[in-house]
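Novice: Need coordinates for the below:
(4 chains)
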Amino acid sequence: MSKYSDDYSPAEMVCVAVAREIEDGDILILGSFTPLAFVSYVLAKVTHAPNIMYMAYSSVDAGPFQLTFGTYEAAATKGGVARWNMTECIHSLYLGVGVDVEPISSIQIDGNGNMNLSVVGDYQKPMLRGPGGAGAPEVVKLHRKMLGYFPSHNKRTLVPKVDFITGTRWKISNQERLKAGLRPGPMKLITNLAVLTKEEEGRPFRIASVHPGITVNDVVNNTGFELEVAKDVPETEKPTKEQIRILREQVDPYGMVAFDFMPGKERPAYLKSILEKEIKALGC
Amino acid sequence: MSKYSDDYSPAEMVCVAVAREIEDGDILILGSFTPLAFVSYVLAKVTHAPNIMYMAYSSVDAGPFQLTFGTYEAAATKGGVARWNMTECIHSLYLGVGVDVEPISSIQIDGNGNMNLSVVGDYQKPMLRGPGGAGAPEVVKLHRKMLGYFPSHNKRTLVPKVDFITGTRWKISNQERLKAGLRPGPMKLITNLAVLTKEEEGRPFRIASVHPGITVNDVVNNTGFELEVAKDVPETEKPTKEQIRILREQVDPYGMVAFDFMPGKERPAYLKSILEKEIKALGC
Amino acid sequence: MSTRDKVLNQNKVAKLTDIGKLIKDGDSVAVGGAWLSSHPMALVRQIIRSGIKNLHLMTILGSVDIDMLVGAGCAERLMFSFVSMEAYGLPPNFRRAVEKGNLKIDEISGLAIIIGFEATGRGVPFLPYRGPSGSDFLKQRPDFYKQIKCPFTGEDMMAIPAIKPDVAIIHAQRADAAGSIQIEGTAGSDLELAKAAKKVIVTVEEIVPTDVLRENPFKTKIPRFYVDMVIEQPFGAHPTSLVPSYVGDPWHMMKYMEMAASPESFKNYLEQYVMKSEDEYLEAIGGLKQTNLLKKLAREVKSL
Amino acid sequence: MSTRDKVLNQNKVAKLTDIGKLIKDGDSVAVGGAWLSSHPMALVRQIIRSGIKNLHLMTILGSVDIDMLVGAGCAERLMFSFVSMEAYGLPPNFRRAVEKGNLKIDEISGLAIIIGFEATGRGVPFLPYRGPSGSDFLKQRPDFYKQIKCPFTGEDMMAIPAIKPDVAIIHAQRADAAGSIQIEGTAGSDLELAKAAKKVIVTVEEIVPTDVLRENPFKTKIPRFYVDMVIEQPFGAHPTSLVPSYVGDPWHMMKYMEMAASPESFKNYLEQYVMKSEDEYLEAIGGLKQTNLLKKLAREVKSL
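Specialist: Numbers count the residues shown, from 1 in each chain, chains lettered A, B, ... in the order given. Sure, this is the predicted structure:
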């Protein structure tokens, strides 16, 4: 009987794939709240990477905690061993010892690995004004691994050329990164369809694996930039039954992970349903 | 009946003169432990300058405390409102908001206001190796007031030219300081004989006042550099009876202030006698 | 106040309605907090009530604080690295204002803006760091990012200039009357904002005797000599969080998103929630029942 | 250890006699504490016991720690801004060594040396500040002080290079087995030393479960990912202080000054106090009676 599960959602597939990118001993940051990233971190910490050190909000070396929509920040803070503010965090971690990985999403990304979190259209008169990059412009360059995740793999997001470069990996191949005084590390995009990786400047993203049930053509047809396609592209490793059990029973009992994968319109109703369950569980 | 006291030691005279240089609202640092400076700060805080903010060791905004040889650091620390380490202190206070005054002594000082805490004789093969400047090289330049204090006013200390410039005021007159982006403020030396002040580059120190019982000639004859002497030099304001009472009853009941004024040989015995009294007071 | 005046003044306790003494039309105002945490929302609402206009807002990681000020027409300009409602979507008023060209923006990378505030507090005109190579910000803002060489190693570094806001507004757990501030949870870079700004206004959940601060001086993050005014305002961060005291209010955030969806409905939001006293505001968002729930949620956390 | 190894290793508890695994002859060793406070004296004594030699010592505000290592012949070179016994006089061994030309010195101004350590922890090769204009240090150490211009304002600033010790040794109140460190009193710049050094050894008064640190995370000043080794050693700062746990020992400091007065009598000091175990050391300085007195003095303070 296989250790792998066949009962998982696309969100859970991506969440587990992101968690697998986290190695024990990594230093990580929980930044802007994106349920999927938070769930992936905690899943990694309670499974294969118990010794990772993550900083969440002002809480240094936070413990593993149950993700709920009402309490995630308070839970991360309560378990912390030390307190640093954002300034201490960026100098000590981002710029000092160095962070290993921090999954980032964006409005657009192109074949050069340029990420756009600023605008769609003209910068001065944008069709869509995005939130901005926060630490992404520095982080995409500095972190050991660059990990982009995209709940909806399509040509509006994976584009030939971004409208604005909020941040970029700058140096991609290990040799180029070492030459520039940066830690070598991979550049990966994990989407709802596949895992893409880029190993060198000038060379396109390669399809590292396609998720079960997805074809290479699905990926190519939904990507706005050139892809390198090997003769036989492997299938992404499925979530294990154990991972799904821990996700659903301990880390994410309310299904927060599904959130990023929903159309905007459905989100408020979904949040309200999660909150109702939380409140009931609290006996309020 | 006069408010001034006639019953005070030379040490108490200097201590009160230093305390009078502290204005309410000043920001001060208690650095390396010199009993006289600490006593002056606390005396100022419990008399004319209750709102001064001083940082002692890692204790920010410490309260007034009784100076005893056994407990001064613990007492300063206990009363603090916040904790900063030395790095936070230098950036926030020394270099940030700016410190008003921090009395400093040195092995040598000359008529240009250069201070030497490093060596007597040749730097490479010194006759006497001093402790070094700690923050003095920066502080003498940066603080609003530069205040040197010298328990023994003599030509070995107040010299024509220092053997090594550990630190110096750099810009002296208010115009020059403002031009250099520094806060204007006086430069004063308080000794066991007199108060000397220097107002301009190129112009010698002036005798601002002589302590009661001291003549202008005593001062001139014991100073190794040129002095400006006005026709009638005023007498230094004596300690008040109230200041002496508070010194002896509250701030410095064990007479720590006398310490800096003793020959090195007598100091250990004096320290031991103070410690005995402290221990007795504790009932140990 | 000058630093000397801040040291001399041991009673900085004021009322929300006093902020007009320190914030003027056209001032640059750095807004504290980060993500959906610890934003000085009661001060934001008071700025709107007081009709203060043409502000040059500055935020590192802004959210409903910035969106509300922009929507109410208080802002002429915004320096920011991030303005987001996170799980709730894009900030509606901010989006509209920028897309319509009604708000001048200075968009800067996140580390750079923190370092710019930090430089001011350290008394230096600039600080170097390893900057966002390849980002369009470098082309767009040569006035903010300058390449310099390390004089020892020759390495290329990015220099960021000191940022000097007129005012910083912050919300925290606790202060004494002299203005020393304790922060227990998510601190953002509030300390650096306080060090950088000429004037600092802080609302707190409670004003306490100084001896209470001395009991745990390790929590005191902003000493009194940076602060001009302290105002006691429980739930002053609502609808954002102030952990460990209370969590953010997701119900009100969703309400906000609904009503901010159009300029017309946002007018109604301002009338129903902002253009009244803070006491009335707390009633409008659900009163004691709701605030107690948010406190309870902050306690009832599950570690694994 | 690499940072990754420091994160992976959750049990860094060791014995004093293990320090030879991390400190080698000829290493540069930054010594923590400041003034007469919080120096890692048990580690200093262990370095002497272990016969580790030719060290390049670094101290910001050194005292009996540096004087003892120099007197015992462990140091080839010393970077410092200050070495003082304060009220007890000039440091006898340090004086002798420099005056006889037996110790190479790199004397630097106090703010500069702190900023040099700080730069390393921030991942920058230099940091700018307003330096000691007019000091002979500028002429003497052009390799350490370089004038640069602010690229925005044109102001002259002083640049200080990053300092990178091989090892930092620190004493503090409390740690867990993973190496997160709590400091309650005088902290010097121990955090910056820990960030700057490749290897970090910390002795503490007590090793506790991590949950004890979580009870007051505000006291945790050095997180585990900087630390290689933690050693439980009560009174590890003696004869210097570790407030609020205990005060310095003036009686022993005077004894030290007497016996350090000549090289011959200092040999006797080393034999009587250092060349034995720490338990024997604590007996030699007066045992429980003395250590209890130093604890009591730290509590019995008089605020006015």
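
Novice: how much space is there between the residue in chain A positioned nearest to chain B and D:A196?
Specialist: Residue of chain A nearest chain B, by CB to the nearest CB: A:E88 (10.2 Å). The C-beta positions use only the backbone N, C-alpha and C, and glycine is treated the same way. With the distance defined as CB to CB, to the nearest Å, A:E88 ends up 15 Å from D:A196.

Novice: who has more neighbours, those two?
Specialist: More crowded of A:E88 and D:A196, by other CB atoms under 10 Å in any protein chain shown: D:A196, with 25 against 20.

Novice: about what we covered before: does the residue of chain A closest to chain B sit in a helix, a strand or a coil?
Specialist: Of the three states, A:E88 takes helix under DSSP: H, G, I helix; E, B strand; the rest coil.

Novice: What segments of chain A are strands?
Specialist: If DSSP state E is used as the criterion, the strands of chain A fall at A:27-30, A:53-56, A:59-60, A:82-83, A:108-110, A:115-116, A:119-121, A:126-129, A:146-150, A:158-159, A:187-191, A:194-198, A:205-210, A:227-228.

Novice: want to throw those strands into TSV with mean pLDDT?
Specialist: As requested, the strands of chain A are arranged in TSV below (pLDDT from 0 to 100):
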stretch	mean pLDDT
strand A:27-30	94
strand A:53-56	96
strand A:59-60	98
strand A:82-83	98
strand A:108-110	98
strand A:115-116	98
strand A:119-121	98
strand A:126-129	97
strand A:146-150	94
strand A:158-159	98
strand A:187-191	97
strand A:194-198	98
strand A:205-210	98
strand A:227-228	98
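
Novice: Could you export those strands as JSON lines, including distance to B:L67?
Specialist: Below are the strands of chain A laid out as JSON lines (distance: least, CB to CB, whole Å):
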{"stretch": "strand A:27-30", "distance to B:L67": "46"}
{"stretch": "strand A:53-56", "distance to B:L67": "42"}
{"stretch": "strand A:59-60", "distance to B:L67": "38"}
{"stretch": "strand A:82-83", "distance to B:L67": "34"}
{"stretch": "strand A:108-110", "distance to B:L67": "65"}
{"stretch": "strand A:115-116", "distance to B:L67": "60"}
{"stretch": "strand A:119-121", "distance to B:L67": "63"}
{"stretch": "strand A:126-129", "distance to B:L67": "62"}
{"stretch": "strand A:146-150", "distance to B:L67": "58"}
{"stretch": "strand A:158-159", "distance to B:L67": "70"}
{"stretch": "strand A:187-191", "distance to B:L67": "62"}
{"stretch": "strand A:194-198", "distance to B:L67": "66"}
{"stretch": "strand A:205-210", "distance to B:L67": "70"}
{"stretch": "strand A:227-228", "distance to B:L67": "75"}
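
Novice: Which of those sits closest to chain C?
Specialist: strand A:126-129 (4.1 Å).

Novice: Which residues of the stretch 1-150 of chain C lie near chain B?
Specialist: Selection of the stretch 1-150 of chain C residues close to chain B by CB under 8 Å from any CB of the partner chain yields C:T3, C:R4, C:D5, C:V7, C:L8, C:Q10, C:G121, C:R122, C:G123, C:V124.

Novice: So which of those residues belong to helices?
Specialist: C:T3, C:R4, C:D5, C:V7, C:L8, C:G121 (DSSP state H).

Novice: which SS class is the nearest residue to the last one once chain neighbours are set aside?
Specialist: The spatially closest residue to C:G121, leaving aside those adjacent along the chain, is C:K195, at 2.8 Å (CB to CB, 6 or more residues apart in numbering or on different chains). Per three-state DSSP, the secondary structure class of C:K195 is helix.
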